[in-house]
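1. one predicted model, sequence on top.
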Amino acid sequence: MISFEKFILPNGLRVIVNQDTSTPLAAVNLLYNIGSRDEDPEHTGFAHLFEHLMFGGSQNIPEFDTPLQATGGDSNAFTNANITNYYISIPAKNIETAFWLESDRMLGLEFKKKNLDTQKAVVVEEFKQRFLNQPYGDEWLLMSPLAYKVHPYQWTSIGKDISHIEKATLAEVKDFFYSYYAPNNAILSISGNISVQEVEKLAKKWFAGIPSRSIPERNIMPEPTQKKHNRLEVTRDVPYSAISMAWHMQHRLHNDYYASDLISDLLANGKSSRLYLNLVKGNELFGEINAYITGDTDPGLLVITGKVKQGINIYEAESAIWTELNKLSVEIPDAELEKVKNKVEAMHVISEMNILNKAMNLASFECLGNAGWANQEIEKYRSVNQKQVTRVAKEIFRKENCSVLFYHPMHK
């Protein structure tokens, strides 16, 4: 249970505070409600590019990390389809440095062609290293447009085409910044050894003077119900055949979301899970196999990926997965379901021991609609029963709801 208080500045910045006196540290998390799903289809990768640009210096501070490190702090960030998130860990006594730095770059990022060219080169190299120059690296470049035909989840957060970043102009970058990087499109979440009164004083001092901006209205086309089985087979320089299978599932706030997450755990969370016992250890069809959900704000995907063992027919391996899924749609023993619920609860409790995790969770749920929902997660997982799991499994694991990607190794 995370205790917290919340207030909103006149410019729209939402501030959430969790006081934790058990630590000398503080976590400062600043979430911007902008992800790759908000991008123009012809200008993708901009949210991720900004994750890099925001560390390139502002009009007042040439290097973001230098003053932060001088006070014992460190920072990082991540971008996904739904949000861009910046976070700082710092001794609580030096927390004002974090407020100063974050407010400064929100107010006025430095826009110079040299910095833009540098960060574009970094992102292009990241694109090549992560997606093009390693085995199976292009999995989501292929799977995303296979599973999504309308919704912007059809491209990854780094972009659907490297040329979109290569061609990005200073004017386009400025427009993106002033459209989304604003106090009324952000959530500041603090966890650590600092009082609500201190946070409120610092928030007003450093953020209250930043003007709110006009945020573009989010108008995302919902993905239509998939009615046809999608399949793509590619030949790549990979060591083993591999299968990726994706099924459309519920959005993050849907009640069945929790059943879907537990289904992925029943299938492939640990060596006692169904897919491991039956397809890795038992029939020895796969060298490794995993299942997970994308956890997206809008309706996401339940995904199974596996590396097929040498000499095994990939189509037989796929058929074996379907056999296991059909079993899941029939019966779930109480003990098996209880085991995965216990694992979820244990991980949740462990997560709440970390101030950065608490700050991130509060900000994420506030972005979804209410920071207090972070304290209802265990109850929602606990409420899932056998009947719900089998129903949801039947609804998800339909052939026409599935997109399949095969990797075939090159013959040498």
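-> Sure thing, it's come through.

2. what's the burial count for the closest residue to residue 33 other than its chain neighbours?
-> Counting by CB to CB, 6 or more residues apart in numbering, residue 33 lies nearest to residue 185, which is 5.1 Å off, once chain neighbours are set aside. Glycine gets a C-beta too; all of them are placed from N, C-alpha and C. Neighbourhood size, residue 185 [other CB atoms under 10 Å]: 19.

3. is it true that residue 185 touches residue 215?
-> Yes - at 4.9 Å, residue 185 and residue 215 qualify as touching, with contact defined as CB atoms under 8 Å.

4. next structured bit after the helix or strand harbouring residue 320?
-> Here residue 320 sits within helix 314-328, counting by DSSP states H and E. With elements assigned by DSSP H and E, the helix or strand that comes after helix 314-328 is helix 334-351.

5. wait, doesn't residue 343 sit right on residue 272?
-> No - using CB under 8 Å, residue 343 is not in contact with residue 272; the gap is 10.2 Å.

6. of the two, who's got more company?
-> residue 343 (15 against 11).

7. show me what contacts that one?
-> 265, 269, 270 (CB atoms under 8 Å, 6 or more residues apart in numbering).

8. what do you get for residue 311?
-> By CB under 8 Å, 6+ apart, residue 311 has no neighbours at all.

9. equivalent analysis for residue 163, please.
-> By CB under 8 Å, 6+ apart, residue 163 lies in contact with nothing.

10. distance of the most centrally placed residue in the chain relative to residue 108?
-> With distances taken as CA atoms, centre = their mean, the residue of the chain nearest its centroid is residue 80 (4.8 Å). Taking CB to CB, to the nearest Å as the measure, residue 80 falls 26 Å from residue 108.

11. likewise residue 324?
-> Applying CB to CB, the value for residue 324 to residue 108 is 55 Å.

12. these two: who's more crowded?
-> residue 324 (18 against 13).

13. which residues touch the nearest residue to residue 399 once chain neighbours are set aside?
-> Beyond its immediate neighbours in the sequence, the residue positioned closest to residue 399 (CB to CB, 6+ apart) is residue 229, lying 5.1 Å away. Residues in contact with residue 229, defined by CB under 8 Å, 6+ apart, are 399, 400, 402, 403, 404.

14. what of residue 329?
-> Neighbours of residue 329 in contact, by CB under 8 Å, 6+ apart: 390, 393, 394, 397.

15. for ChimeraX, write the select line for the buried members of those residues.
-> Of those, the buried ones go into a single ChimeraX selection, burial set by 16 or more other CB atoms under 10 Å:
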select :390,393,397
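
16. in the helix holding residue 320, what's buried?
-> Buried-residue list, helix 314-328, by 16+ other CB under 10 Å: 314, 317, 318, 320, 321, 324, 325, 328.

17. the third one and residue 293, how far apart?
-> Separation of residue 318 from residue 293 (CB to CB) stands at 20 Å.

18. do the fourth one as well
-> Distance, residue 320 to residue 293, by CB to CB: 21 Å.

19. for the first one, same thing?
-> Here the distance between residue 314 and residue 293 works out to 24 Å (CB to CB).

20. so what strands line up beside the helix or strand where residue 87 lies?
-> Assessed by DSSP H and E, residue 87 sits inside strand 84-91. Applying DSSP bridges, strand 84-91 is found paired with strand 25-32 (antiparallel), strand 74-79 (antiparallel).

21. any idea which of these gets closest to residue 94?
-> Among the strands paired with strand 84-91, strand 25-32 comes nearest to residue 94, with 8.5 Å by CB to CB.

22. quick one: that closest one to chain centroid distance?
-> How far strand 25-32 lies from its chain's middle: 17 Å, per CA atoms, centre = their mean, to the nearest Å.

23. pull the residues that contact the helix or strand following that strand.
-> Counting by DSSP H and E, the element after strand 25-32 in chain order, helix or strand, is helix 46-53. Under the criterion CB under 8 Å, 6+ apart, residues 34-36, 38-39, 77-79, 84, 86, 109, 115-116, 119-120, 122-123, 157-159, 164-165, 168, 172-173, 176-177, 181 lie in contact with helix 46-53.

24. for burial, what's the neighbour tally of residue 219?
-> 6.

25. distance of it relative to residue 200?
-> Residue 219 is 35 Å from residue 200, by CB to CB.

26. now do the helices in the stretch 51-200 of the chain.
-> Listed in chain order, the helices of the stretch 51-200 of the chain (DSSP state H, counting those that start in this stretch) span 65-70, 95-107, 113-127, 139-147, 162-166, 170-180, 196-207.

27. the first one: which residues count as buried?
-> The neighbour-count criterion (16+ other CB under 10 Å) identifies residue 68 as the buried residues of helix 65-70.

28. what do you get for the fifth one?
-> Using 16+ other CB under 10 Å as the test for burial, helix 162-166 gives 162, 164, 165.

29. can you list the residues you listed in JSON lines and add distance to residue 361 and pLDDT?
-> Shown next, in JSON lines, are the buried residues of helix 162-166 (distance: CB to CB, whole Å; pLDDT from 0 to 100):
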{"residue": "162", "distance to residue 361": "33", "pLDDT": "90"}
{"residue": "164", "distance to residue 361": "32", "pLDDT": "94"}
{"residue": "165", "distance to residue 361": "31", "pLDDT": "94"}
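
30. of the residues you listed, which is the nearest to residue 310?
-> Of the buried residues of helix 162-166, the one sitting nearest to residue 310 (CB to CB) turns out to be residue 162, at 33.1 Å.

31. please report how far that closest one lies from residue 131.
-> Counting by CB to CB, the gap from residue 162 to residue 131 is 9 Å.

32. list the contacts for residue 363?
-> Residues in contact with residue 363 (CB under 8 Å, 6+ apart) are 16, 29, 30, 31, 85, 187, 188, 189, 371.

33. which of these has the most neighbours?
-> Highest neighbour count within the contacts of residue 363, by other CB under 10 Å: residue 189, with 30 neighbours.

34. so it versus residue 70, what's the distance?
-> For residue 189, the distance to residue 70 equals 24 Å [CB to CB].

35. rewinding a little: tell me the one of the buried residues of helix 162-166 nearest residue 282?
-> Residue 282 lies nearest to residue 162 out of those, by CB to CB, at 42.0 Å.

36. what's the closest non-adjacent residue to that closest one?
-> Excluding the flanking residues, the one nearest residue 162 by CB to CB, 6+ apart is residue 127, at 5.1 Å.
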